[in-house]
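1. pasting the structure only:
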């Protein structure tokens, strides 16, 4: 049945062209990874990133989301993260700034304006981060300030011209990636920004698999452990898919209503509430907070010692990470989901939850349900994200499968398959779940 659905994908001319367009633009993005930033010694940068891979931290996190562009010190070194950060900032500001809140409620015109503000914010963040990265690159090999004794000079000629060229190159690279993402969203399949992050993470899978194979060949890890690890990885993927598709269906009953001279009978529907409503935002925030001491250790040595103390104890580090994930799950969900607004909208449309009074009681019921779902989603996020560090400590090798990367890959894959299935069903073709199977549901996108 699934094979017939995949065959149907290539029978639709529009779907074929959209898939081809998406693959071509993603290929352009991957080729751009290898265009070097002027004035940077790539071999020295690769040596520094190899040392960083053993300790992780914020640098490794940025390199993961940029698809290895930071490791190559490419013009795409910032990746799409400035756009993602700007989107999150705008989304949070919409809660406290009335004008942005009104724009969100104005439909397509309001969303277009918010997207414009997001682009401006992305360029501004790219410039600021570009200046910081240029100064950070210039310090590598010239000072031991938090670099673990690294003594290879990454920037041979450090001057004002290098800083200017680095800022311009990185900002232009981010702007070009934004353009690619918007074109994919408009003329391709799936959310372009999410697919770019997806492509960057998936591109790191083969090097990781090769590293594991080399360790097996060198008998550092035995074959039985590798087979067990592969089975465990498949199990984790299944759990992530199950939870990301999971939702609580709150029943909504609409009373009879009169429209003109016609009487419409009451309808029964439901309001979906996802188990993981906050997506991958809590792990990203938690990882950034725990990595800040190492990042600022060059200027504040006591923070560097604090970071070494945390990372030296696996249980302390993972415990803090779990607490931060739970906190940011509740914090982000509270900012982006308003039970009072949902209850008011249900009441205005003449609906009610059976057994619950419209208005304040409905809002309280939705809030209680949301808190329970958020707690379960936060624990799920924390467990998935600490799996890599636990396995690394057990096997004695660095394990990168899992965590935020896995959540993004699975979520984007579900969203993309959902869109493809929508094209198939709209043209009277069977979807991937078959004619009688359930529809594939995606999750909240990584970036708006």
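-> Ah, there it is. Keep in mind the model is a prediction, meaning the values are calculated, not measured. Numbering: from 1, shown residues only.

2. Enumerate every residue touching residue 122.
-> Contact partners of residue 122, counting by Cβ atoms under 8 Å, 6 or more residues apart in numbering, are 82-83, 85-86, 174-175, 178. The C-beta positions use only the backbone N, C-alpha and C, and glycine is treated the same way.

3. Which of those has the largest number of neighbours?
-> residue 83 (28 neighbours; other Cβ atoms under 10 Å).

4. Can you give me every residue that contacts it?
-> 118-119, 122, 174, 177-178, 181, 193, 447.

5. Reformat the contacts of residue 122 as TSV; add secondary structure, distance to residue 108 and pLDDT.
-> Formatted as TSV, the contacts of residue 122 follow (DSSP: H, G, I helix; E, B strand; the rest coil; distance: Cβ to Cβ, whole Å; pLDDT from 0 to 100):
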residue	secondary structure	distance to residue 108	pLDDT
82	helix	25	85
83	helix	20	86
85	helix	24	81
86	helix	20	85
174	helix	25	90
175	helix	23	92
178	helix	19	90
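
6. Adding distance to residue 244 as columns, could you present those residues in JSON lines?
-> As requested, the contacts of residue 122 are exported to JSON lines (distance: Cβ to Cβ, whole Å):
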{"residue": "82", "distance to residue 244": "26"}
{"residue": "83", "distance to residue 244": "23"}
{"residue": "85", "distance to residue 244": "23"}
{"residue": "86", "distance to residue 244": "25"}
{"residue": "174", "distance to residue 244": "28"}
{"residue": "175", "distance to residue 244": "31"}
{"residue": "178", "distance to residue 244": "26"}
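
7. so which two of those are the farthest from each other?
-> 85 and 175 (14.6 Å; Cβ to Cβ).

8. low-confidence ranges in the stretch 101-250 of the chain?
-> 141-151, 219-221 (pLDDT under 70).

9. Repeat that for the stretch 301-448 of the chain.
-> In the stretch 301-448 of the chain (pLDDT under 70), the answer is 301-314, 392-402, 427-448.

10. what are the ranges of the strands in it?
-> 351-352 (DSSP state E, counting those that start in this stretch).

11. could you pull out the helices for it?
-> 301-311, 314-336, 339-348, 360-395, 403-426 (DSSP state H, counting those that start in this stretch).

12. In stretch 34-48, which of the residues would be classed as buried?
-> 37, 39-41, 44-45, 47-48 (16 or more other Cβ atoms under 10 Å).

13. got the phi/psi numbers for the closest residue to residue 129 other than its chain neighbours?
-> Excluding the flanking residues, the one nearest residue 129 by Cβ to Cβ, 6 or more residues apart in numbering is residue 78, at 5.8 Å. Here is the backbone geometry of residue 78 (degrees, to the nearest 10): phi -80, psi -20.

14. can you pull the contacts of residue 78?
-> With Cβ under 8 Å, 6+ apart, residue 78 has these contacts: 66, 69, 126, 129-130, 133, 170-171, 173-174.

15. rewinding a little: need the winner for burial among the helices of the stretch 301-448 of the chain.
-> helix 403-426 (a mean of 20; mean count of other Cβ atoms under 10 Å).

16. elements contacting that one?
-> helix 2-9, helix 13-32, helix 192-202, helix 223-245, helix 281-295, helix 360-395 (3 or more Cβ pairs under 8 Å, 6 or more residues apart in numbering; DSSP states H and E).

17. okay, how far is it across stretch 184-201, tip to tip?
-> For stretch 184-201, the first-to-last residue distance is 18 Å (Cα to Cα, to the nearest Å).

18. so how far is stretch 360-378 off the chain centroid?
-> The chain centre lies 24 Å from the centre of stretch 360-378; the measure is Cα atoms, centre = their mean, to the nearest Å.

19. again, but for stretch 35-53
-> Here stretch 35-53 is found 25 Å from its chain centre; the criterion is Cα atoms, centre = their mean.

20. Next: stretch 231-247.
-> Distance, centroid of stretch 231-247 to centroid of chain: 17 Å (Cα atoms, centre = their mean).

21. excluding its backbone neighbours, what's nearest residue 158?
-> residue 138 (4.2 Å).

22. now residue 14
-> In space, residue 14 is closest to residue 423, 7.4 Å off (Cβ to Cβ, 6+ apart).

23. Tell me if I'm right that the one you found and residue 16 touch.
-> No: in this structure, residue 423 is not within contact of residue 16 by Cβ atoms under 8 Å, at 10.5 Å.

24. Now do the contacts for the nearest residue to residue 32 once chain neighbours are set aside.
-> Leaving aside its sequence neighbours, residue 32 sits nearest to residue 76 (Cβ to Cβ, 6+ apart; 5.1 Å). Applying Cβ under 8 Å, 6+ apart to residue 76 gives the contacts 29, 32-33, 35, 66-67, 69, 173-174, 176-177.

25. Closest one to residue 97 out of those, please.
-> residue 174 (24.4 Å).

26. Need phi/psi at residue 252.
-> phi -130, psi 130.

27. What about it, how many residues nearby?
-> 17.

28. contacting residues for it?
-> 268-271, 346, 351-353.

29. ChimeraX command for the buried members of the residues you listed?
-> Command for ChimeraX that selects the buried part of these, burial taken from 16+ other Cβ under 10 Å:
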select :271,346,351,352,353
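
30. could the contacts of residue 252 go into TSV alongside distance to residue 102?
-> Formatted as TSV, the contacts of residue 252 follow (distance: Cβ to Cβ, whole Å):
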residue	distance to residue 102
268	33
269	28
270	29
271	24
346	21
351	24
352	28
353	28
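
31. from the contacts of residue 252, which is closest to residue 363?
-> Taking Cβ to Cβ as the measure, residue 363 sits nearest to residue 346 out of the contacts of residue 252, at 9.5 Å.

32. Does that closest one touch residue 356 like I think?
-> No: using Cβ under 8 Å, residue 346 makes no contact with residue 356, being 9.9 Å away.

33. who touches both of those two?
-> With Cβ under 8 Å, 6+ apart, residue 346 and residue 356 have common neighbours residue 362.

34. In the stretch 51-200 of the chain, what residue spans correspond to helices?
-> Using DSSP H, counting those that start in this stretch, helices in the stretch 51-200 of the chain cover 58-65, 69-72, 81-96, 98-104, 108-139, 160-187, 192-202.
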